[in-house]
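Engineer: Got a predicted structure plus its sequence, pasted below:
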Amino acid sequence: MCTVTYVPLKNGSCLTSNRDEKVAREKAIPPTEYFINNKKVIFPKDPKAGGTWFAYDEKNIIILLNGAKEKTHHKKSISKK
């Protein structure tokens, strides 16, 4: 299970994200600056899958969490004709 913690502070806040993975899984690439659509985004990267679970830029913080109590069901994409 992944865990997110928000702690309000006197001069701002602290936000953490714990990625709960198998011990044998390769360690993540530390947070690095990437440019996506000409925008600087900073995030750690999973070296195996190439994705991330936590990213931020100058205005936003995005955290991806695991599914809820029920299994996630993916919908097939609908092709546009």
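Structural biologist: Structure received. Residues are numbered from 1 along each chain as shown.
Engineer: nearest residue to the residue positioned nearest the centre of the chain other than its sequence neighbours?
Structural biologist: Centroid check for the chain by Cα atoms, centre = their mean gives residue 53 as the closest residue, at 1.7 Å. Leaving aside its sequence neighbours, residue 53 sits nearest to residue 64 (Cβ to Cβ, 6 or more residues apart in numbering; 4.6 Å). (Glycine included, C-beta is placed from N, CA and C.)
Engineer: do the same with residue 44
Structural biologist: residue 28 (4.5 Å).
Engineer: Beyond whichever strand or helix holds residue 13, next helix or strand please.
Structural biologist: Assigned by DSSP states H and E, residue 13 belongs to strand 12-18. Counting by DSSP H and E, the element after strand 12-18 in chain order, helix or strand, is strand 29-36.
Engineer: As CSV, could you dump the C-alpha coordinates of that following strand?
Structural biologist: The C-alpha coordinates for strand 29-36 follow below in CSV (Å, rounded to 0.1, in the frame of the first residue of the first chain):
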residue,chain,number,x,y,z
ILE,A,29,16.1,7.0,-10.0
PRO,A,30,16.2,10.0,-7.6
PRO,A,31,14.1,13.1,-8.4
THR,A,32,15.4,14.7,-11.5
GLU,A,33,14.4,17.7,-13.7
TYR,A,34,12.6,16.6,-16.9
PHE,A,35,11.2,18.9,-19.5
ILE,A,36,7.7,17.8,-20.7
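Engineer: Could you check the angle whichever helix or strand comes after it makes with strand 12-18?
Structural biologist: The helix or strand immediately downstream of strand 29-36 is strand 39-45, counting by DSSP H and E. Here strand 39-45 points in a direction 50 degrees away from that of strand 12-18 (axes from the mean of the first three to the mean of the last three Cα atoms, to 10 degrees).
Engineer: Tell me the first helix or strand C-terminal of strand 39-45.
Structural biologist: Toward the C-terminus from strand 39-45 - assigned by DSSP H and E - lies strand 54-56.
Engineer: who touches that next one?
Structural biologist: Contacts to strand 54-56, defined as Cβ atoms under 8 Å, 6 or more residues apart in numbering, come from residues 17, 19, 41, 42, 43, 44, 61, 62, 63, 64.
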